[in-house]
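# What would the 3D arrangement of this be:
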Amino acid sequence: MTENEIAKIVVDVAFQLHSKLGPGLLESVYEELFIYKLRERGLKVEEQIELPVIFENKKFKSTFRIDILVENEIIVELKSVEQLLPIHKKQLLTYLRLADKRLGLLINFGSALIRGGIKRIVNGLSE
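Numbering: from 1, shown residues only. Below you'll find the predicted structure:
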């Protein structure tokens, strides 16, 4: 399955969850249900993955945490905020670069309409 095919399933799950639950729940609730629904669709999903900080070929104790990695291809960062900020996109792009992944989805379940709360972030993948 390609990144784009996986992304299509991920976005569909986000739409279904948001239409059933609406905005306003904690991010942790959306994350748990989102992972459940992705696995139900047969996708391999890893959660809360530590991403080490490597600087000048030295690994440091500080780490980042990837919310969700789908099929070892797509990083999904979930939010439940009133609106996404530019820093959220930069954060995901940094994760993509550090993890050497090409596609990320930033999904904000806090949006009144989920359509406006999904952002596709690419790292060297053609749109």
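
# residue boundaries of the helices in the chain?
Per DSSP state H, the chain carries helices over the ranges 3-21, 27-40, 86-99.

# remind me, longest strand of this structure?
Counting residues, the longest strand found in the chain (DSSP state E) is strand 58-70.

# out of the helices of the chain, which comes closest to residue 115?
Closest to residue 115 of the helices of the chain is helix 3-21 (Cβ to Cβ; 7.9 Å). Yep, even glycine has a C-beta here, placed from its N, CA and C like the rest.

# orientation of the closest one relative to helix 27-40 in degrees?
120 degrees (axes from the mean of the first three to the mean of the last three Cα atoms, to 10 degrees).

# Using PDB, write out every CA atom in helix 3-21.
What follows is the C-alpha trace of helix 3-21 in PDB, where atoms were taken according to Å, rounded to 0.1, in the frame of the first residue of the first chain:
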ATOM      1  CA  GLU A   3       1.500   6.400   1.600                       C
ATOM      2  CA  ASN A   4      -1.400   8.000  -0.200                       C
ATOM      3  CA  GLU A   5      -3.600   4.900   0.000                       C
ATOM      4  CA  ILE A   6      -2.800   4.600   3.700                       C
ATOM      5  CA  ALA A   7      -3.500   8.300   4.200                       C
ATOM      6  CA  LYS A   8      -6.900   8.000   2.600                       C
ATOM      7  CA  ILE A   9      -7.900   5.400   5.200                       C
ATOM      8  CA  VAL A  10      -6.500   7.500   8.000                       C
ATOM      9  CA  VAL A  11      -8.500  10.500   6.800                       C
ATOM     10  CA  ASP A  12     -11.700   8.400   6.500                       C
ATOM     11  CA  VAL A  13     -11.300   7.200  10.000                       C
ATOM     12  CA  ALA A  14     -10.800  10.700  11.300                       C
ATOM     13  CA  PHE A  15     -14.000  11.900   9.400                       C
ATOM     14  CA  GLN A  16     -16.000   9.000  10.900                       C
ATOM     15  CA  LEU A  17     -14.800   9.600  14.400                       C
ATOM     16  CA  HIS A  18     -15.400  13.300  14.300                       C
ATOM     17  CA  SER A  19     -18.900  12.900  12.800                       C
ATOM     18  CA  LYS A  20     -19.800  10.500  15.600                       C
ATOM     19  CA  LEU A  21     -18.100  12.300  18.500                       C
END
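
# I appreciate the help and will end here.
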